[in-house]
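# I'd like to go over a predicted model; first the sequence, then the structure.
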Amino acid sequence: MEIPTGSRTTSSSDLQKKRVGLLYDDRMCAHHTPDNDYHPENPNRIRAIWNKLQSSRIPQRCVVLDAKEAEDKYVLSVHSKKHVDLIRDISSKQFNSRRNRIASKFNSIYFNEGSSESAFLAAGSVIEVAEKVAQGELSSAFAIVRPPGHHAEHDEAMGFCLFNNVAVAASFLLNERPELGINKILIVDWDVHHGNGTQKMFWKDPRVLFFSVHRHEFGSFYPANDDGFYTMIGEGPGAGYNINVPWENGRCGDADYLAVWDHILIPVSKEFNPDIIIISAGFDAALGDPLGGCRVTPYGYSAMLKKLMSFAQGKIVLALEGGYNLDSIANSALACVEVLLEDKPIAGSSEAYPFESTWRVIQAVRHELSDFWPTLADKLPANLISQTAVSVPNILISSSDSEAEDDNGTQRLKDLEEVLQPLSKLKVDEDGQDKVATPNPWRSELSKIDIWYATFGSNMWKPRFLCYIEGGQVEGMQKPCSGSMDRTPPKEIVWKSYPYRLFFGRDSSSSWGPGGVAFLDPESKSQDKAYLCLYRITLEQFNDVLAQENVSSHDMTSPLFDLAALTSITSKEPKFLDVLPRGWYRNVVYLGNEDNFPILTMTCSHLDVKSFKSGELPLRGPCKAYAATLIKGLVGGGLLSEEEAMAYIQEASTKPL
């Protein structure tokens, strides 16, 4: 075995003892935005990790390797020829004039003159370390590579990823080097985003157990689909070999992840008995990450890694995926390499309990996979799952008719500029511990104020509306709601009619599927008539409903509709106010008073009404399940018979605006 020289020199006795590989190559920094504009996936990510390891004198204790470009034939084992040819050629001069245009056709991708080399180096580097670990030349290794890979699919780059580095390496070990005896590979993806590309590449392959724990929020978190749900377990011979643990909310931390390790991953790993473990080591679930919104500390990562060291004779390969807070990824990477070197986690502890939602997800995953993994069949003890975090995460998850979707019903991803916080404002505590969040003062203030929330769509049916208060879903809905912080049911329910025009628009909704959803024209006209169900709830609850109706994930550190806004629309014209920059129901409308409590509803903005009238936004009747829910609400209110309710919905669906 060659021992590096110069600054990378290490003693042969130390290598014999540790044999930990470390791969870094500055050539992978050549991939950056065309005009050097800021982007979260940038060269400083791997530089920060390498500098942190150097300052801790880690490279001197490791076998430091240089990157090698992957051969086309190895990348072609998981990617199409069309895709491999594109990535190989995209940095050539012949693509100079159209490189940006090509990048714009992909989801969250940029290209420059250094992208081709970086992509082939990243894939080749993971092959390099995986091969050396598999053959016993190294005991374990960490490949500090970019661009990341786990979102890249067979024929498509996406989510900052060009080639699926981990999938390429796993396929190489299984199909190109059978003499190494690697017959079963466990891929653990702890990146905060679902590894959609890796999942699809091994969907039917029982030789690969793919495990992904990720923020999902019922399909509203990137990559914003249902691929990461726990029911996605593989197919054919691969059934049961695909395990997804989808967080219902952000702010999950060490306790949540370690509970998943102890009650899903570790028991299954014992049964699977892998020959090697490859970790898609994204560090964007780390405390302080601007995209992840979770709270895993360096201790948490080291503890997760330590628990995996007892499998596959410690043959573990870590390949960098995401992570966009430079301090967080550097500290987390250091903690992991120290585990590989010392076989012990860094000092720390995790005394907090998991969230209630974490236990709910764990139990759902265990139930779904119990037929494939008998170790998961037993129910968890009641005294265990009763140990939950004191407060729920201060994040609301939407399952509304109005989530950010385009006109074809496909959910739009937020622009990076909207989801990123300035990195200069982010700070990770030196001890890696999260501070206890204090309750938001606005909640206490607004919880003392009652309003009437007037509903005209599916929320007219009380069981549907309670999904926004108590959480859950009803028949016909595609996915559940998270509910409000205050889950107290409405104090009163009143039915009234108002001179507003009910109509249906959009092509599809995430809650109900194809078909339009209900809106009110925010301007009253005497010839119109709409039936509304009024729920008396608190202004705090109204804010939570407003958030769930409009945004896929909103950190409610401040109210969307406060007392100043309420005073504004109740005291002067106009009697409505757009309270969000976007969202299908961002326009709050004041309808008057009932028993001295203000009546508020929410509908589309005036600009949207103009777009509906011009045809820019499509008018379309509701789907059968959605219409049935509306009719249930109308009939349950006692104002209309079923026939009258059907006629009311039919007229609203067909009458021109």
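Structure's in. What do you need?
# what packs against the helix or strand hosting R47?
Counting by DSSP states H and E, the element that carries R47 is helix 44-55. In terms of contacts (3 or more CB pairs under 8 Å, 6 or more residues apart in numbering; DSSP states H and E), helix 44-55 is packed against strand 316-320, helix 326-342. Every residue, glycine included, has its C-beta placed from N, CA and C.
# hmm, 7 Å instead?
Judged by 3 or more CB pairs under 7 Å, 6 or more residues apart in numbering; DSSP states H and E, the packing partners of helix 44-55 are helix 326-342.
# neighbouring contacts of the helix it packs on?
Helix 326-342 is contacted by residues 18, 20, 44-45, 48-49, 52-53, 56, 58, 61, 140, 142, 281, 283, 286-289, 298-299, 301-302, 305-306, 318, 323, 345-346, 428, 432 when judged by CB atoms under 7 Å, 6 or more residues apart in numbering.
# and the helix holding R47, which residues are buried?
The neighbour-count check on helix 44-55 (16 or more other CB atoms under 10 Å) flags R45, I46, R47, A48, I49, W50, K52, L53 as buried.
# repeat for stretch 448-466
Those buried within stretch 448-466 under the rule 16+ other CB under 10 Å are 450-466.
# what's the answer for stretch 558-575, then?
Neighbour-count burial for stretch 558-575 flags P559, L560, F561, D562, A565, L566, I569, K575 (criterion: 16+ other CB under 10 Å).
# the third one touches V588, doesn't it?
Put plainly, it is F561. Yes: contact status for F561 versus V588: in contact at 5.7 Å, counting by CB atoms under 7 Å.
# what do the two both touch?
Contact criterion CB under 7 Å, 6+ apart; residues shared by F561 and V588: V579.
# which helix in the chain runs the most residues?
helix 115-134 (DSSP state H).
# quick check: angle from that helix to helix 44-55?
Computed with axes from the mean of the first three to the mean of the last three CA atoms, to 10 degrees, the direction of helix 115-134 lies at 40 degrees from that of helix 44-55.
# by contact count, what packs against helix 115-134?
So helix 115-134, by 3+ CB pairs under 7 Å, 6+ apart, packs with strand 20-23, helix 81-89, strand 140-143, helix 165-171, strand 276-281, strand 316-320.
# closest to P374 out of those?
Closest to P374 of the helices and strands packed on helix 115-134 is strand 276-281 (CB to CB; 21.7 Å).
# who are the packing partners of that closest one?
helix 115-134, helix 165-171, strand 185-189, strand 316-320.
# turn the ones you listed into TSV, including mean neighbour count and mean pLDDT.
Converted to TSV, those look like this (neighbours: other CB atoms under 10 Å; pLDDT from 0 to 100):
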stretch	mean neighbour count	mean pLDDT
helix 115-134	26	98
helix 165-171	31	98
strand 185-189	26	98
strand 316-320	29	98
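# and of those, who's closest to M477?
It's strand 185-189; of the helices and strands packed on strand 276-281, that one is closest to M477 (CB to CB) at 28.5 Å.
# could I have the CA atoms of that closest one written out in PDB?
What follows is strand 185-189, C-alpha atoms only, in PDB (Å, rounded to 0.1, in the frame of the first residue of the first chain):
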ATOM      1  CA  ILE A 185     -24.800  -3.400   0.400                       C
ATOM      2  CA  LEU A 186     -26.600  -1.200   2.900                       C
ATOM      3  CA  ILE A 187     -27.000   2.400   1.700                       C
ATOM      4  CA  VAL A 188     -27.900   4.800   4.500                       C
ATOM      5  CA  ASP A 189     -29.000   8.200   3.400                       C
END
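# buried stuff in the helix or strand that that strand is followed by?
Later in the chain than strand 185-189, the nearest helix or strand by DSSP H and E is helix 196-201. If you call a residue buried by 16+ other CB under 10 Å, then helix 196-201 has these buried ones: N196, G197, T198, Q199, K200, M201.
# which residues does whichever helix or strand comes after helix 196-201 contact?
Next helix or strand after helix 196-201 toward the C-terminus (DSSP H and E): strand 208-215. For strand 208-215, contacts defined as CB under 7 Å, 6+ apart pick out 170, 185-195, 198-199, 202, 221, 228, 241-247, 250, 257, 260, 265, 272, 274, 292-294.
# which PyMOL command selects the buried ones in the residues you listed?
A single PyMOL command selects the buried members of the contacts of strand 208-215 (16+ other CB under 10 Å):
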select buried, resi 170+185+186+187+188+189+190+191+192+193+194+195+198+199+202+221+228+241+242+243+244+245+246+247+250+257+260+265+272+274+292+293+294
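# report the contact partners of R586.
N550, D578, V579, L580, S605.
# how about 10 Å then?
R586 makes contact with 402, 546, 549-551, 560, 577-580, 602-605, 608, according to CB atoms under 10 Å, 6 or more residues apart in numbering.
# likewise for N196?
Listed by CB under 10 Å, 6+ apart, the contact set of N196 reads 150-153, 158-159, 161, 164, 189, 212, 214, 222-223, 225, 227-228, 232.
# again, only this time at 6 Å
With contact set as CB atoms under 6 Å, 6 or more residues apart in numbering, N196 has these partners: H151, P223, D227.
# distance of the closest residue to the first one other than its chain neighbours relative to P147?
What it means is H151. Spatial nearest neighbour of H151, excluding adjacent residues (CB to CB, 6 or more residues apart in numbering): G159 at 3.2 Å. Computed as CB to CB, to the nearest Å, the G159 to P147 distance reads 10 Å.
# in a strand, N244, correct?
Yes: counting by DSSP: H, G, I helix; E, B strand; the rest coil, N244 falls inside a strand.
# surely it meets N225?
No: between N244 and N225 there is no contact under CB atoms under 6 Å: 11.9 Å.
# which parts of the stretch 451-600 of the chain are strands?
Taking DSSP state E, counting those that start in this stretch, the strands of the stretch 451-600 of the chain run over residues 493-498, 502-505, 508-509, 513-514, 517-520, 530-538, 553-555, 576-578, 587-594, 597-603.
# of all the ones you listed, which lies closest to P656?
Once the strands of the stretch 451-600 of the chain are compared by CB to CB, strand 502-505 is nearest, at 9.2 Å.
# for the closest residue to N183 other than its chain neighbours, the count of nearby residues, please.
In space, and not counting its chain neighbours, N183 is closest to D275: 5.8 Å by CB to CB, 6+ apart. By other CB atoms under 10 Å, 20 other residues sit near D275.
# next one, pLDDT for D275 please.
Reading off the confidence values, D275 has pLDDT 98.
# how about S458?
S458 is assigned a pLDDT of 93 by the prediction.
# over to the one 3 residues further on?
Note on W461: pLDDT of 94.
# pretty sure it contacts T629?
Yes: W461 lies in contact with T629 (CB under 6 Å); the separation is 5.3 Å.
# centre-most residue in the chain?
The centroid of the chain falls nearest to F221 when counting by CA atoms, centre = their mean (3.3 Å).
# now the closest residue to that residue other than its chain neighbours: how far from Y535?
Among residues not flanking F221 along the chain, R215 sits closest, at 4.8 Å (CB to CB, 6+ apart). Using CB to CB, R215 is found at 31 Å from Y535.
# just M485 next, same as before
17 Å.
# A285 too?
On the measure of CB to CB, A285 and Y535 end up 37 Å apart.
# likewise for E338?
55 Å.
# and those two? Which one has more around it.
Counted by other CB under 10 Å, E338 and Y535 do not tie: Y535 has more neighbours, with 25 against 21.
# wait, that one sits on E492?
No: using CB under 6 Å, Y535 and E492 do not qualify as a contacting pair, with a distance of 7.7 Å.
# ok, K204 touching Y241?
No: K204 is not in contact with Y241 according to CB under 6 Å; the separation is 8.8 Å.
# sorry, back to before: so which of the helices and strands packed on strand 276-281 is nearest S357?
If you check each of these against S357 by CB to CB, strand 185-189 wins as the nearest, at 20.0 Å.
# how far does the closest one sit from its chain's centre?
Distance of strand 185-189 from its chain centroid, counting by CA atoms, centre = their mean, to the nearest Å, is 19 Å.
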